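A.B. asks: My questions are about this predicted structure, shown below with the sequence.
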There are 4 protein chains.
Amino acid sequence: MVVNFSIVPIGKGNSLSTQVAEVLKIVSESGINYKLHAMGTILEGDWDRIFKLIKKCHKKILKDSDRVLTTITIDDRKGRTGRIAGKVQSVRRKVGKKLKT
Amino acid sequence: MVVNFSIVPIGKGNSLSTQVAEVLKIVSESGINYKLHAMGTILEGDWDRIFKLIKKCHKKILKDSDRVLTTITIDDRKGRTGRIAGKVQSVRRKVGKKLKT
Amino acid sequence: MVVNFSIVPIGKGNSLSTQVAEVLKIVSESGINYKLHAMGTILEGDWDRIFKLIKKCHKKILKDSDRVLTTITIDDRKGRTGRIAGKVQSVRRKVGKKLKT
Amino acid sequence: MVVNFSIVPIGKGNSLSTQVAEVLKIVSESGINYKLHAMGTILEGDWDRIFKLIKKCHKKILKDSDRVLTTITIDDRKGRTGRIAGKVQSVRRKVGKKLKT
C-alpha cells in the first residue's frame, strides 16, 4: 500500500522544518521506501511496518510538543507494488506530455 | 488521542453505506469510544488499540474490494481525555450560544 | 455537496477552541446548514456558497496568525440533499441497531 | 499559499489514472505552479486562482461520475512564496544528507 502522512506540532512556532527533519531522519533510516514532497511524505510497504514507523515519528514529535496533529492517507490496491513512481508514470503516459513531478 | 477516520472502497458503486455499516459493526463491538458523523467516525483511545481497530476495518473492506482509500486524522494532546464531547463543549462555551452539533 | 473542514493556526499555543469559536460564529451566521463535531465542521450546500464561507473563516484566522493549515474534504453526490443527517441514518438502518452519533 | 489536492470518482472502477490525467491536463494548462506526486497534486498561488482551478477539475470529473470525493489541504504562511521547492530544501538542509524527493 501507498501512504501519505504529515505530522504537525501545534504551538511550537511557525516553522515546522526542524520537526519534519526529525521525522525524515527516522524515515530515511527505516529502510522503507519513501518520497518527501512539500506537503508530506509518501511511504510504500505493508500495514504493520508502515504504522510502526509512523507511530515512532508521531511519538518523537510528541516528546517536545504538547499537541500533535497527524494526517494519514492510505491507497491500498491489491497486487500492486512500485506505485510511488508507477502512479505518476501512469498519469504521464495518459496525458501524453511532460508534467512537473 | 482523538482520531477521525473514513474507509472508502473504489469501484464498488456510488453507495457506500453498506461498507460503512460493516465498519460500524466492528467499531461498535470494539468497546472503544466512538461517534459516527456524516463524514467519518471519531474514536478516542490509545495508539495501539485504535490502530488495531482501524486495521481490522480496513482489511474487512479490502476483502470485497480491490482498492480501498482510508483517511486518518489524529489529534493527540497530552493529559487530555473525554475529548469527543469535551472539544465541542469548549467551543460552545466560547461562542456563547447554541450550536448545531 | 457535503463538506468537512477544519482550520488550525500554527504557533498560537496548544488550545485551539478560541479560534474554532471564531470560525463557528461565522458559520452559524452564514445561513448554511452545518454540524460541529470534535474533529471539524460539516457543511452542506453548493460549491460557491461553501467556498466563500470557508475562505472567510480561513482569512479570519490568518489575521491573528502567521501560518494556518486548513483541511477540506468534499463528498459530492449528484441529486442528493439532506445528507448531513441522511448519510448517518442510512448507515444506522443497515447496522440495524442504535449507534453513537 | 501551498495546496495539496486529489479528486477521486467513486464507482468508476479501480483505475483512477484516466481521471487524474484529465485533471492534470487542466492543471498544466492553467499557468499555476504545480507538482504531481503519487498521492495528489500540489499547487501554489492565491486563494481565488487556486479554488477556481480546483472547482474546474472537480466539475470535470463529476461530469462522468455520480459521486466524487475531493480532498484539499492548505498550508498558508504569510510572506512566503516558492514553497513547493523551498519547504523540501529547508528540511534537506536540516537533515544534512540527501533525501529521496
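C.D. replies: Ah, there it is.

A.B. asks: A:M1 and D:K98, how far apart?
C.D. replies: Look at A:M1 and D:K98: by C-beta to C-beta, to the nearest Å, they are 26 Å apart. No exception for glycine: its C-beta is placed from N, CA and C like everyone else's.

A.B. asks: Pick out whichever of the two has more residues nearby.
C.D. replies: A:M1 (20 against 8; other C-beta atoms under 10 Å in any protein chain shown).

A.B. asks: pLDDT below threshold where in chain A?
C.D. replies: Scanning chain A for pLDDT under 70 picks out nothing.

A.B. asks: Near chain C, which residues of it are found?
C.D. replies: Selection of chain A residues close to chain C by C-beta under 8 Å from any C-beta of the partner chain yields A:V8, A:I10, A:G11, A:K12, A:G13, A:N14, A:L16, A:D66, A:R67, A:L69, A:T71.

A.B. asks: With adjacent residues omitted, what lies nearest to the second one?
C.D. replies: Beyond its immediate neighbours in the sequence, the residue positioned closest to A:I10 (C-beta to C-beta, 6 or more residues apart in numbering or on different chains) is A:R67, lying 4.3 Å away.

A.B. asks: now do the fourth one
C.D. replies: Closest residue to A:K12 apart from its sequence neighbours, by C-beta to C-beta, 6+ apart: A:S65 at 5.2 Å.

A.B. asks: Which residues does the longest strand seen in chain A contact?
C.D. replies: If you go by DSSP state E, chain A has its longest strand at strand A:67-77. Applying C-beta atoms under 8 Å, 6 or more residues apart in numbering or on different chains, the contact partners of strand A:67-77 are A:1-11, A:40, A:54, A:58, A:61-62, A:83, B:58, B:62, B:66-78, C:8, C:14, C:69, C:71, D:14, D:39, D:71, D:73.

A.B. asks: swap the cut-off to 6 Å and go again
C.D. replies: The contact list for strand A:67-77, computed with C-beta atoms under 6 Å, 6 or more residues apart in numbering or on different chains, reads A:1-10, A:58, A:61-62, B:67-77, C:14.

A.B. asks: distance between that strand and the chain's centre?
C.D. replies: Centroid displacement of strand A:67-77 relative to its chain, using C-alpha atoms, centre = their mean, to the nearest Å, is 8 Å.

A.B. asks: List the beta-bridge partners for the residue most central in space within chain A.
C.D. replies: The residue lying closest to the centre of chain A (C-alpha atoms, centre = their mean) is A:T41, at 2.5 Å. Going by DSSP bridges, A:T41 is paired in beta bridges with A:F5, A:L36.

A.B. asks: A:C57 and A:A21 touch, don't they?
C.D. replies: No - the criterion here is C-beta atoms under 6 Å, and A:C57 misses it with A:A21 at 11.5 Å.

A.B. asks: Looking at the two, which one has more neighbours?
C.D. replies: Taking other C-beta under 10 Å, A:C57 and A:A21 do not tie; A:C57 has more neighbours (24 against 17).

A.B. asks: list the contacts for the more buried one?
C.D. replies: Counting by C-beta under 6 Å, 6+ apart, A:C57 makes contact with A:I7, A:V23, A:I26.

A.B. asks: So which of the residues of chain A next to chain C wins on neighbours?
C.D. replies: Within these, A:L16 tops the neighbour count with 24 neighbours, counted by other C-beta under 10 Å.

A.B. asks: what separates that one from C:G11, distance-wise?
C.D. replies: For A:L16, the distance to C:G11 - C-beta to C-beta - is 9 Å.

A.B. asks: now the longest helix along chain A, how far from the centre of its chain.
C.D. replies: Counting residues, the longest helix found in chain A (DSSP state H) is helix A:47-63. Distance, stretch centre to chain centre, for helix A:47-63: 11 Å (C-alpha atoms, centre = their mean).

A.B. asks: Which parts of that helix count as buried, going by neighbours?
C.D. replies: Applying a neighbour-count criterion of 16 or more other C-beta atoms under 10 Å in any protein chain shown, one finds A:W47, A:I50, A:F51, A:L53, A:I54, A:C57, A:H58, A:K60, A:I61, A:L62 buried in helix A:47-63.

A.B. asks: Then stretch A:30-43?
C.D. replies: For stretch A:30-43, the neighbour count (16+ other C-beta under 10 Å) marks A:30, A:32-43 as buried.

A.B. asks: same thing with stretch A:13-30?
C.D. replies: A:L16, A:S17, A:Q19, A:V20, A:A21, A:E22, A:V23, A:L24, A:K25, A:V27, A:S28, A:S30.

A.B. asks: ok, which of those residues also contact chain D?
C.D. replies: A:S17, A:V20, A:A21, A:L24, A:K25 (C-beta under 6 Å from any C-beta of the partner chain).

A.B. asks: how about the nearest residue to the last one, chain neighbours excluded?
C.D. replies: Looking back up the chat, that one is A:K25. Leaving aside its sequence neighbours, A:K25 sits nearest to D:V95 (C-beta to C-beta, 6+ apart; 5.8 Å).

A.B. asks: What's the separation between that neighbour and A:V27?
C.D. replies: 10 Å.

A.B. asks: same thing with A:K63?
C.D. replies: For A:K63, the distance to A:V27 equals 17 Å [C-beta to C-beta].

A.B. asks: Could you do A:S6 as well?
C.D. replies: Per C-beta to C-beta, A:S6 is found 12 Å from A:V27.

A.B. asks: got it, and A:K97?
C.D. replies: Relative to A:V27, and taking C-beta to C-beta, A:K97 is found at 32 Å.

A.B. asks: How about A:K52?
C.D. replies: Distance, A:K52 to A:V27, by C-beta to C-beta: 12 Å.

A.B. asks: just A:T41 next, same as before
C.D. replies: For A:T41, the distance to A:V27 equals 6 Å [C-beta to C-beta].

A.B. asks: Between these two, which contacts overlap?
C.D. replies: Common neighbours of A:T41 and A:V27 (C-beta under 6 Å, 6+ apart) are A:Y34.

A.B. asks: Now do the contacts for the residue nearest to A:K25.
C.D. replies: Going by C-beta under 6 Å, 6+ apart, D:V95 touches A:A21, A:L24, A:K25.

A.B. asks: Redo these as JSON lines? Include secondary structure.
C.D. replies: Output for the contacts of D:V95, formatted as JSON lines (DSSP: H, G, I helix; E, B strand; the rest coil):
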{"residue": "A:A21", "secondary structure": "helix"}
{"residue": "A:L24", "secondary structure": "helix"}
{"residue": "A:K25", "secondary structure": "helix"}
